[in-house]
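Colleague: Give me coordinates for this.
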Amino acid sequence: MTLTLKPHKAQPAAEPLRYARVVSRIASMIDAGTFRPGDRLPSVRKMARQMDLAVGTVLHAYRLLEARRLIEARPQSGYYVKPLQLLLSEPRPAARQRIPDVPTVAEMVVKMSELLAVPDVVPLGHAIPAPESLPTRQLNRISAAIARRSSQGLASYDVPPGCRELRTQIARYHVDAGCSLAPDDLVTTCGCQEALGLCLRAVAGPGSVIAVNTPSYYGQLQAIELLGMRAMEIKTDPHTGTDLAALEKALKSGKIAACLFSTNCHNPLGFITPEENKRKLVTLLHQHKIPLIEDDIYGDLAFTGPRPTVCKAFDRAGLVLLCSSFSKTLAPGARVGWCAPGKFLETVKRLKFCNTIATPTLPQLAIAEFLATGGYAHHLRKMRKRYAEEVQIITSAVAQHFPPGTRASRPAGGHVLWVELPKAVDTIKLFGRAAAQRIAIGPGPLFSASGAYRNYLRLNCSCGSSSRIEARIEQALVTVGRLAAEQISQAR
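Modeller: Predicted coordinates for the structure are as follows:
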């Protein structure tokens, strides 16, 4: 199977987005086999003439493709397609029986959390943005200014639905995601994890079956598990997302109470579901009157093109409960999230009050001001570019240092990489051996309710420099690759 990058459709956009048309066109032609590894691409001037663009616009696009390791520049020769070292692996079949010797998701999350507290641990297993990628100084200055001029941030509860200034900014910003939200449609929460938990409780009860992607972010699985619900894994395409035929078959069984899916920059696969598939997904669920909890926490981090739409944009019945936060883009420690729960709004507000009474006010005000001044859009442009580079850097390092037969995803956004190792590798055991070396990895079974993906792992790519791999990160990957190779040798 060929390594695949699924681009966004080119948009008839204003000048700042024209380079994305070139990126999408070249990536599509590489994906289709029009340009193969080693082939010379059209010159910058020729491409500029063909697409009626400025030479500088095409050059910027070529440099972006080069940063993502799709093409390479050869002095006095031009640009060429790079040799591909990794293949994209397909997910295993869903809905398998739990493997007896695999710990539960909750048990593995505890071990992961304990490892994160170890001094000098290399955080390859935790999807936490590198501090260097966050606008912490700006947010600190804004927070200090708010605290000086007003007691509002610390002297009162911001009871549900939460800070109006922030809800207004979120509603305005999500026009780009295809939504027509009003501030009163939103509830602020303590991170996206609380938003997911509140929405699950609003639409289902203990014993209910919740359909999820496979693999799936372990926080989603843990929320389902701890609420006494059961996850049903639905086959997921690594390029386009939820297999709609498999979902429709599962819906006809009458067992599913709700769905919990990520359609943009999925964690851990990294895909962006095509817009038409999102529309079909919402239509299918509306026909069966099944709520969809949409986890869009990485939706702002698509590498190319405009901000992808959300399923909420196609919701006409109030059955889509959109959830997100600013933990992956601005401030993990602020724990500021939100949800737009549609027809379940009043239920979510009551649950929020019972759960934590209120979301801390000062971080909400600081983030609202950051968004209002236009700083967020500028910051996201830099962060998307940085993450695209970091993912390619880690991908190249995996290709170099992991055992032969290793395969990896090609994310369209976010900052995590899904890696398939040879079948002889057990990533639960690999996790323990890497932890002894102060290296954190995300073992595959952590992302499955049935304990599948035993020879898979997830890597965090946002833990080093945006332009080169740091020595300690590369050494950690060398060590993980060596430990995996040792498992393979012992199995022979």
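
Colleague: Just the residues contacting the worst-scoring helix or strand of the chain on mean pLDDT, thanks.
Modeller: Lowest mean confidence among the helices and strands of the chain (mean pLDDT, DSSP states H and E): helix 105-116, at a mean of 78. Contact with helix 105-116 is made by 103, 121, 123, 125-126, 218-219, 221-222, 225-226, 431, 435, 440, 442-443, 445-446, 449, as judged by C-beta atoms under 8 Å, 6 or more residues apart in numbering. Where you see a C-beta, it was placed from the backbone N, CA and C, and this is true even at glycine.

Colleague: all helices in the stretch 351-492 of the chain, in order from the N-terminus.
Modeller: Taking DSSP state H, counting those that start in this stretch as the criterion, the stretch 351-492 of the chain carries its helices at 361-372, 375-401, 427-436, 471-491.

Colleague: Pretty sure Val58 sits against Arg49.
Modeller: No: with contact defined as C-beta atoms under 8 Å, Val58 does not count as touching Arg49 (9.5 Å).

Colleague: which one of these two has more residues nearby?
Modeller: Val58 (25 against 13; other C-beta atoms under 10 Å).

Colleague: just checking, next helix/strand downstream of the strand or helix carrying that one?
Modeller: Mapping Val58 onto the secondary structure by DSSP states H and E places it in helix 55-67. The C-terminal neighbour of helix 55-67 among helices and strands, as given by DSSP H and E, is strand 71-74.

Colleague: re earlier: may I see the helices of the stretch 351-492 of the chain organised as CSV, with mean pLDDT, distance to Cys463 and mean neighbour count added?
Modeller: Shown next, in CSV, are these (pLDDT from 0 to 100; distance: least, C-beta to C-beta, whole Å; neighbours: other C-beta atoms under 10 Å):
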stretch, mean pLDDT, distance to Cys463, mean neighbour count
helix 361-372, 96, 24, 22
helix 375-401, 93, 8, 19
helix 427-436, 94, 14, 19
helix 471-491, 95, 6, 17
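
Colleague: Among the ones you listed, which comes closest to Phe303?
Modeller: Nearest of those to Phe303, taken as C-beta to C-beta: helix 375-401 at 4.3 Å.

Colleague: mind checking how far the closest one is from the chain centre?
Modeller: Here helix 375-401 shows a centroid-to-chain-centroid distance of 13 Å under the convention C-alpha atoms, centre = their mean, to the nearest Å.

Colleague: and Met112, how many neighbours?
Modeller: As a burial measure, the neighbour count of Met112 was computed by other C-beta under 10 Å and equals 19.

Colleague: Sorry, slip of the keys, the one I care about is Arg137.
Modeller: A total of 8 residues lie near Arg137 under the criterion other C-beta under 10 Å.

Colleague: can you pull the pLDDT of it?
Modeller: Each residue has a pLDDT score; the one for Arg137 is 96.

Colleague: do the same with the one 10 residues further on
Modeller: What the model reports as pLDDT for Ala147 is 91.

Colleague: same question, Glu276
Modeller: pLDDT for Glu276: 97.

Colleague: Numbering from 136 from now on, please.
Modeller: Got it, the first residue is 136 from now on, which makes the last one we talked about Glu411.

Colleague: ok, it to Ala167 distance?
Modeller: Here the criterion is C-beta to C-beta, to the nearest Å. By it, Glu411 lies 19 Å from Ala167.

Colleague: same deal with Leu416?
Modeller: Relative to Ala167, and taking C-beta to C-beta, Leu416 is found at 26 Å.

Colleague: the more surrounded of these two?
Modeller: Leu416 (23 against 10).

Colleague: Point out where this protein drops to low pLDDT.
Modeller: Low-confidence segments of the chain, defined by pLDDT under 70: 136-152, 168, 218-237, 599-603.

Colleague: Now do the domain split for it, please.
Modeller: As recorded under automatic domain parsing, the domains making up the chain are 150-216, 240-268+512-626, 271-511.

Colleague: list the contacts for Met186?
Modeller: Counting by C-beta under 8 Å, 6+ apart, Met186 makes contact with 156-157, 160, 193.

Colleague: doesn't Ala183 make contact with Ala189?
Modeller: Yes: counting by C-beta under 8 Å, Ala189 sits close enough to Ala183 to count as a contact (6.5 Å).

Colleague: which residues does Pro546 contact?
Modeller: By C-beta under 8 Å, 6+ apart, the neighbours of Pro546 are 400, 404-406, 438, 526, 552.

Colleague: Between the residues you listed, which sits nearest Thr494?
Modeller: Nearest to Thr494 among the contacts of Pro546 is Cys400, at 24.0 Å by C-beta to C-beta.

Colleague: what's the burial count for that closest one?
Modeller: Neighbours of Cys400 using other C-beta under 10 Å come to 26.

Colleague: How much space separates it from Ser462?
Modeller: As for Cys400, its distance to Ser462 is 14 Å (criterion: C-beta to C-beta).

Colleague: Please settle this for me: is Ser459 part of a strand?
Modeller: Yes: looking at Ser459 with DSSP: H, G, I helix; E, B strand; the rest coil, it is inside a strand.

Colleague: hmm, back to that, which members of the contacts of Pro546 occur in helices, if any?
Modeller: The helices, defined by DSSP state H, take in Val526 from the contacts of Pro546.

Colleague: most surrounded residue in the contacts of Pro546?
Modeller: Neighbour counts for the contacts of Pro546 (other C-beta under 10 Å) peak at Leu404, which has 29 neighbours.

Colleague: surely it meets Ala543?
Modeller: No: the pair Leu404 and Ala543 fails to qualify as a contact (C-beta under 8 Å) at a distance of 10.6 Å.
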